[in-house]
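1. Attaching a predicted model along with its sequence, questions to come.
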Amino acid sequence: MKYNFGIDIDGVLTDEGPDENSIWQQKLNEFLDREISLKENTYDLRKAFAISDQELNDFIEQKIEDVYNSVEPVAKAKKILKQLSKAGHRLILITARGAEHRSLTEKWLKNNNIPFDELHHAKAKAPIAVKKEIDLFIDDKQENALEVASENIPVILVSKYHNNNFQGHKQITKVNNWDEIKENINLFFSKNTHSSKLS
Ligand SMILES: [Mg+2]
């Protein structure tokens, strides 16, 4: 049995660094030239780092491509995706990045040897997860996880400061890293088929 994996990019395939000094915090520090620190555990960068709408808009406009270009991939993710791809599963990347960043994103994926079958840009991920018949979805934004889970699709939620208030859901498993993602993929396989485990 081959499965469709729905996979987020930012915070899942990218290594954003530690919660207390993420690449977002570092780049905001450089850009705003003042001490930026994590103030609130929320996905909203304005609240998380106590910056104004204007500051965020300017940062996004001038620096977002720098973040997307310079962020490192999670080494383990690459290895596991290669194994999945080799085993014939489909890797469907679903990112909230705007389509204007598509070629940069494709280049980053290629330069970092990350295999994938499809790349979709969507802020609302549940409809595309349903349309693409995703069997297992991986994201770090809890709102996405909850929306996809409400479609009865199992979700792996990657732990981040902005989802530390996650309350739990029967379709969602929260994990800390790609070792735990791998364990949960193998658990998914063992529940659903006799498909051979990832080594
Ligand atoms: Mg993400």
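-> Arrived safely, thanks for sending.
2. isn't residue 26 right up against residue 18?
-> No - with contact defined as C-beta atoms under 8 Å, residue 26 does not count as touching residue 18 (10.4 Å). Glycine gets a C-beta too; all of them are placed from N, C-alpha and C.
3. And these two? Which one has more around it.
-> residue 26 (15 against 10; other C-beta atoms under 10 Å).
4. so that one is in which element?
-> If you go by DSSP states H and E, residue 26 is part of helix 23-32.
5. The helix or strand that that helix is followed by close to the ion?
-> Moving toward the C-terminus from helix 23-32, the next helix or strand (DSSP H and E) is helix 45-48. No - if you take C-beta under 5 Å from the ion as the test, helix 45-48 misses the ion, and the best it gets is 12.5 Å.
6. tell me what helix 45-48 is packed against?
-> When contacts are defined as 3 or more C-beta pairs under 8 Å, 6 or more residues apart in numbering; DSSP states H and E, helix 45-48 packs onto helix 53-70.
7. any idea of the angle the helix it packs on forms with helix 23-32?
-> Going by axes from the mean of the first three to the mean of the last three C-alpha atoms, to 10 degrees, helix 53-70 is angled at 120 degrees with respect to helix 23-32.
8. Report the buried residues of helix 53-70.
-> If you call a residue buried by 16 or more other C-beta atoms under 10 Å, then helix 53-70 has these buried ones: 55, 56, 59, 63, 64, 67, 68.
9. ditto for stretch 41-57
-> Buried, per 16+ other C-beta under 10 Å, within stretch 41-57: 43, 45, 48, 49, 51, 55, 56.
10. Return the closest of those residues with respect to residue 147.
-> Ranked by distance to residue 147 (C-beta to C-beta), the buried residues of stretch 41-57 are led by residue 43 at 13.4 Å.
11. Would you confirm that that closest one contacts residue 143?
-> Yes - contact status for residue 43 versus residue 143: in contact at 7.3 Å, counting by C-beta under 8 Å.
12. List, one by one, the residues from the chain near the ion.
-> Proximity of the chain to the ion (C-beta under 5 Å from the ion) is limited to residues 8, 10, 11, 140.
13. can you list the buried residues of stretch 41-57 in TSV and add pLDDT?
-> Shown next, in TSV, are these (pLDDT from 0 to 100):
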residue	pLDDT
43	94
45	96
48	96
49	96
51	97
55	97
56	97
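14. Residue 81: which of those is nearest?
-> Distances from residue 81 to these, taken as C-beta to C-beta, are shortest for residue 43 (24.1 Å).
15. so how many other residues sit close to the closest residue to the closest one other than its chain neighbours?
-> Counting by C-beta to C-beta, 6 or more residues apart in numbering, residue 43 lies nearest to residue 162, which is 4.3 Å off, once chain neighbours are set aside. For residue 162, the neighbour count with other C-beta under 10 Å is 22.
16. Over to the one 4 residues further on?
-> By other C-beta under 10 Å, the residues close to residue 166 number 15.
17. Excluding sequence neighbours, find me the nearest residue to it.
-> residue 142 (5.1 Å).
18. Sketch out the low-pLDDT regions of the protein for me.
-> 194-196 (pLDDT under 70).
19. quick one, domains of it?
-> 4-14+72-192, 17-70 (automatic domain parsing).
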